[in-house]
Structures are given as structure tokens and as C-alpha cells.
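Asker: Sequence plus predicted model, see below.
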Number of protein chains: 2
Amino acid sequence: MKPKISDVAKVAGVSPTTVSRVLNNRGYIGEKTRKKVEEAMKQLNYFPNDVARSLFIKKTFLIGVIFPTTTNPFYGQLIFHIENIAASLGYKILLCNSQGQEDKERSYLRMLQRNQVDGIIAGAHNRGVKEYDIPTLPVVGVDRYLSGNIPVVSSDNYDGGRQATQLLINKGCENIIHINGPILLETPANLRRKAYEDVMRDNQLTPITYETEGNNQAVIKQLFDENPQVDSIFASDDLIASAVMREAKIRKRNIPSDFKVIGYDGTETTRLLLPELSTIQQPIREIAEKTIEILIKEINEEGDSQMETILPVRLIEGETT
Amino acid sequence: MKPKISDVAKVAGVSPTTVSRVLNNRGYIGEKTRKKVEEAMKQLNYFPNDVARSLFIKKTFLIGVIFPTTTNPFYGQLIFHIENIAASLGYKILLCNSQGQEDKERSYLRMLQRNQVDGIIAGAHNRGVKEYDIPTLPVVGVDRYLSGNIPVVSSDNYDGGRQATQLLINKGCENIIHINGPILLETPANLRRKAYEDVMRDNQLTPITYETEGNNQAVIKQLFDENPQVDSIFASDDLIASAVMREAKIRKRNIPSDFKVIGYDGTETTRLLLPELSTIQQPIREIAEKTIEILIKEINEEGDSQMETILPVRLIEGETT
DNA sequence: AATTATATGTCATCCGGTTGACATGTGAAA
DNA sequence: TTTCACATGTCAACCGGATGACATATAATT
């Protein structure tokens, strides 16, 4: 059986209270007894039981993290930073891949509450999950409006969309089409599209948008078929941009002379695998930092943070524009 | 304050024991009381406290997962599947990104033990962390030997290395160079290299291997400089393969006519971003399934599973070979 | 009428650690 | 000599829920 505080006390020849004092640095402890206790812990290979501790102090140092999937390089990188920063602050991550399914998201929320997490970071992509409104449980959204009174951290999607569109226009494109994933009205990411439409109209151009969910390739084929005159595409993420490049090559469109593509996200993985792709890079690390900062402030009840945090994006000009 | 069982009992007009009986489906419960209790739980927004429950039943349904980083597409995808399968079995994931640092790995191990995880899945890349030998705590390694008595699950790295090398030879290559990440003697992944060397020698060819850690591009440049006659490269993962392709293009080597590349892993992300790359695809989902299967068997003490599980890989011939 | 399966309540104990109250015993400073 | 900071022990209560023992009561069977 695992050793407990009383076992350590026995071996060290002290009282359980003294062991607890050593563990928590409370009250007076003599140097020799502290040594004795520490040696006893080592000898028994004792680890304090954080479950018992959490029960009493009513704090678990657990943060629930809900995103669609770590398979996606953007979320993978974001979660990496979140976990990393959280760990440096003594918090641990309970990972949830909601896969964009509302029911999963709901059941994860229940699970996290049963596990008494101190807070939740959510960037899943479902609408209508109102259960996020949990009084007494701090929640922060990433790139997603979860509810009226939940803070959101995102990058400057409008500016990103603007820069991408403007770049294509500056390069002389006139038939620019936007393609994005499933529309999520409550998502700041939709501002990318809004910016695209605004910039297009400001330049007397007609915005055309295609949506894809899952099967990118089919939608892209359709897009090319229906718009033979298309000279450039602004894709709402790099994965879609990559699929566009692929289709363009099949159609013998020469990039960038004949046809231009710009993506969105600029993750480490994309930069490694597709360095030539022009893209709008999100400040993933900074998003993670800000998100945790706000969440922990909420957890510690240190006044309310601002409801919306918008971080700057960066245009990376590659060889596809 | 959060409602507890006794609050539910009061509202439902029953005893706490009865609520617990409803919660755990034990003993006799009448239909009407069950309804009453369930309604009271709904009304109070009651969630059972799993921390308290875990303390008593001495089981947390938590699995600690230690890998270098979710940023890497292979680990990102593997962790996705692990979490996914675990969730379907009622287990939750405590995520740890060790970043290949021994000290982090050690402190994560301590953290996981304090949190009373039921088991650990580790695929980090450090040698010398002997702390994995924890009696009473089930551990399974992925693509990594952690200790003599810890089961490992991996894909058939030797066969993958063999197939990759053989393919290049079949295509007429003679100056094939292998490039891999940091050497880890205790890692089954090293079998890729071993297979490469064996196949080369079997074909009267001289194996040459380069190692890279972190700065791929510099090592690759050096490789090309020192071996102008190189006609193909077998990279130990797709990210390195991508960097090789990039350098080859800079050096005006035409792929695949003049120069061939084959990678390793074949993750979803790589397939999307670099579909033309030939690669050896690992059965990531199956690795996750088998790993959890073995871990849970260990947790439930259902006899010992086999110490080494090797799953088949698949050659994907793209346009780079 | 006796038996039994069903239904619910009371009560105490346990899980492992934390904490406050209080007692006791040093040795050093006032 | 008194006072006090330092050091450690004992004890009980508590965190929220699980569980076993035992009592009681109703309704259905025999």
C-alpha cells in the first residue's frame, strides 16, 4: 500500500502533524526534524496525496482545456503553450478533444465540473452550448464567444483578413475568392471573412466566399469550376490553403505568377512543411499567455479582466503571393 | 457554495444514503424517489465531487500522458487518439509536454504520482529517467524502452526503415543517405536506422547517417556539401524530409528525377500539407488503441500483457521517389 | 398468517491530509 | 527569574462521498 503521512511520521519518529508542517512549511520546524522527515519520505518513497489535499483545501490546480483536436497544428501548438505556461504556475491540464461535437463538449463540461477543475479554457467550435455559463467556475474562451460574461482572447482576425486581402489586391489580383471552414457566427474568426468582404467592396470588387467542412478538395474543385477567372484565394487556414495549392497545380495554374494563395495561422508545423506559403501568422504563444493570465486572475478573484483581448497578427510573405 | 449530497437529500426529501444509492445504483431504489432525487440534482445543478469519490474508492480514472510536445504533428495526433479512446472508456488525460528535458519529465512523474493517476503513458525521449520503475503504478511506453519491465508499443520501425531504403534502391538510387533526430539508443525508432544500414550493406552500398537536433537546415546543408553525389535521402521523419526537399530545391535538384526523398510518420497534417511526399506511415490510431488496451489491463491487473507490441507500417508512394 | 423481496432511514467509519486549539518543553534574552 | 520565541505533540473536526450494519415499513407471495 502507498505510504501515508502517518507512515512517514512513524519512520521519522515524529507526529503526523509535524510531517504535515514540514510538507506545508507551517509553524516552527527544527532543522534536524525536517531532515529526519525528509529522509523518511525518501526512504518510503512517499508522495503526498493531492486528491486528499484537494478535497480539503477545495482547490485542485486543474485546468480543463477543450479544443476540437490536438491533431490540428494550430490547436496542438496552442495547447502545448497553454500546458507549458500552466505547468510553470503549478497548474495541470485535463485535456479534452471535442471534435466539434456539441454532445462531447457538453459531457466534457460535466466531467470537468465533477473533477473540480479550478477553471476552463475552451476554444471548441460549437454554437449553442450554453452550459459554459457556470457561476463560480472561471472560464476563458479562445477565439470564441462562449457567453456574454466570459472573457475571450483572440488575435486580430479583422486585421488579418484585411492584410491578406489587401496584399492580394496590391499584387494586382482582381478575382479574389475567400474560402473558410464551417461558419460560426459567434466566432471572432469570422471577422476574417468580414474584413475580406469590406476590403473587396472598398476596392470595387465583388466578394465571393466558399465554405468547406471536412472535404476541402471537393469544395475547392467546385470553386475552380464555377470561377475559371479566379486569380487568387484567401484561405481561412493554412490547411485549406495547402489544398488550394494542390488543386491549382493540378489545373496547371502557376503560383504565384498566374495564381496566388494566402493562408492563415502560420503554425510551426506549417512553416516547416510549407515554408513557401504566404500566411497570416497568429501569435499563438501570446494567446496562450494572455488566456492563462486572465483565467488565473479569475480563479484568484483579482477583479475582472477585460472581456475581449485582441492580439496583433503578422503577415508572412512567402512565395505564393 | 457548491451543493453536496446532503443538500440534494434535503431538497428531495430523502436521506443522503438514498441519494448515494441513486448515484451509484446500489441496493433498492423506488422509481418515484429516483425521480425526486434526479430532479433535486437538476434543480440544484448538482455535480458529484469526484475528488471526494476518488479519495474513497482509491481510483481517479486519470491517465498521465507524457510526450515531448503536442506541437509535433505525430504526437499531436497520437495524443488525440489516446485521449479519445480513453474518454470512451471513462478515463481522463493529464497532459504533460516534457520537451525532451529530463528534469521536466521527472517533475511530471512526481506530479502524476501526487495526483494519484491510475496509469501513465509515456513516449518522451529521454534516457536515464529510471523513475519510471514505479511498483504499483502501471506504465506503458510508446516507441520507447522505459525500463526492463514496462511494456512498449511501437510500429514496425525495422520494417519501415527496410521498406524506405529498399524503395530508393529499387528506384535506382545508389548514394542514399539517412538522416535522423537525436540518437536514442533505447528507442525502437533506432531500428529505422539499423534497417537502413542493413539493407544498404546487403546491397553493397555504404550507409551514411547524419544526425540533427533542432537545427535541421544547417545539418542538411552540411550533408549536401559533404556529399555532392547524394541521390536520395531517407529522413527519419516527415518534418526533416520537408527540410531536405527545401534544400534540394535550393540546390536545383529536381525531385524525383534527379533526387529522391522519403520521410517517416505520415501524419494527417503531413498528408494534407505535403501530399507529394513519399513516406512510411505509422498506424497512429492503432498504436493508441493498443497502448490503452495494455495500460487498462495493467490497471485492472488482468494478467500481464506481452512486453513488446509491434504494429505494421504502410508505405505511401508519393511523387518524391 | 408467515415469509420475503422491496424500499428507505439512521449511524458510524473510512479515504488521506489540513488545520486550529491547546499543552508541554526547550534555551536564550531581558 | 521571568518572559518569550522556538519546537513538537495530542486531539478533534473537517473536506464530500462510499459503504456496511442494522432498523423499519410496505406490499406481494406462499
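Answerer: Received the coordinates, thanks. Model, not experiment: these values are computed from the prediction.
Asker: need the helices for chain A, in chain order.
Answerer: A:5-12, A:16-24, A:31-44, A:50-57, A:73-88, A:102-114, A:157-170, A:190-202, A:216-226, A:238-250, A:268-273, A:284-299 (DSSP state H).
Asker: for these, which one sits closest to B:L95?
Answerer: helix A:73-88 (5.3 Å; CB to CB). For the C-beta atoms, the positions are set from N, CA and C on the backbone; glycine is no exception.
Asker: could you give the angle of that closest one to helix B:102-114?
Answerer: Angle of helix A:73-88 versus helix B:102-114, following axes from the mean of the first three to the mean of the last three CA atoms, to 10 degrees, is 80 degrees.
Asker: what helices or strands is helix A:73-88 leaning on?
Answerer: strand A:62-67, strand A:92-97, helix A:268-273, helix A:284-299, helix B:73-88, strand B:92-97 (3 or more CB pairs under 8 Å, 6 or more residues apart in numbering or on different chains; DSSP states H and E).
Asker: do the last one and chain A meet?
Answerer: Yes: for strand B:92-97 and chain A, the contact criterion (CB under 8 Å from any CB of the partner chain) is met by B:K92, B:I93, B:L94, B:L95, B:C96, B:N97.
Asker: Enumerate the residues of chain A near DNA strand C.
Answerer: Within chain A, the positions lying close to DNA strand C (CB under 7 Å from any atom of the strand) are A:1-2, A:4-6, A:16-17, A:20-21, A:23-24, A:26, A:48-49, A:52-53, A:55-57.
Asker: Format the residues of strand B:92-97 next to chain A as CSV; extra columns: pLDDT and distance to A:M111.
Answerer: Below are the residues of strand B:92-97 next to chain A laid out as CSV (pLDDT from 0 to 100; distance: CB to CB, whole Å):
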residue, pLDDT, distance to A:M111
B:K92, 98, 7
B:I93, 98, 11
B:L94, 98, 13
B:L95, 98, 15
B:C96, 98, 19
B:N97, 97, 22
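Asker: Could you pull up the contacting residues of A:E213?
Answerer: Listed by CB atoms under 8 Å, 6 or more residues apart in numbering or on different chains, the contact set of A:E213 reads A:G181, A:P182.
Asker: how close does it sit to A:I250?
Answerer: 22 Å (CB to CB, to the nearest Å).
Asker: Spell out which parts of the stretch 1-150 of chain A neighbour DNA strand D.
Answerer: Neighbours of DNA strand D within the stretch 1-150 of chain A, by CB under 7 Å from any atom of the strand: A:13-18, A:21, A:27-34, A:52, A:55-56, A:58.
Asker: swap the cut-off to 6 Å and go again
Answerer: A:V14, A:S15, A:T17, A:T18, A:G27, A:Y28, A:I29, A:G30, A:K32, A:T33, A:L55, A:F56 (CB under 6 Å from any atom of the strand).
Asker: Next, format the helices and strands packed on helix A:73-88 as CSV and append mean neighbour count.
Answerer: Listed next are the helices and strands packed on helix A:73-88 as CSV, based on neighbours: other CB atoms under 10 Å in any protein chain shown:
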stretch, mean neighbour count
strand A:62-67, 26
strand A:92-97, 24
helix A:268-273, 22
helix A:284-299, 21
helix B:73-88, 24
strand B:92-97, 24
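Asker: closest one to A:P256 among these?
Answerer: helix A:268-273 (17.4 Å).
Asker: CA atoms only: put the closest one into PDB for me.
Answerer: C-alpha atoms of helix A:268-273 as PDB (Å, rounded to 0.1, in the frame of the first residue of the first chain):
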ATOM      1  CA  GLU A 268       5.300  26.000 -36.600                       C
ATOM      2  CA  THR A 269       4.400  22.900 -38.500                       C
ATOM      3  CA  THR A 270       3.100  24.700 -41.500                       C
ATOM      4  CA  ARG A 271       6.100  26.900 -41.600                       C
ATOM      5  CA  LEU A 272       8.300  23.800 -41.700                       C
ATOM      6  CA  LEU A 273       6.300  21.800 -44.200                       C
END
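Asker: so who does the nearest residue to A:Q166 once chain neighbours are set aside touch?
Answerer: Distance criterion CB to CB, 6 or more residues apart in numbering or on different chains; nearest residue to A:Q166, sequence neighbours excluded, is A:V199 at 5.7 Å. Contacts for A:V199 (CB under 8 Å, 6+ apart) come out as A:G161, A:R162, A:T165, A:Q166, A:I169.
Asker: Can you say which of the residues you listed are buried?
Answerer: A:G161, A:R162, A:T165, A:Q166, A:I169 (16 or more other CB atoms under 10 Å in any protein chain shown).
Asker: Just the buried positions in stretch A:55-63, please.
Answerer: Quick answer for stretch A:55-63 (16+ other CB under 10 Å): A:L55, A:T60, A:F61, A:L62, A:I63.
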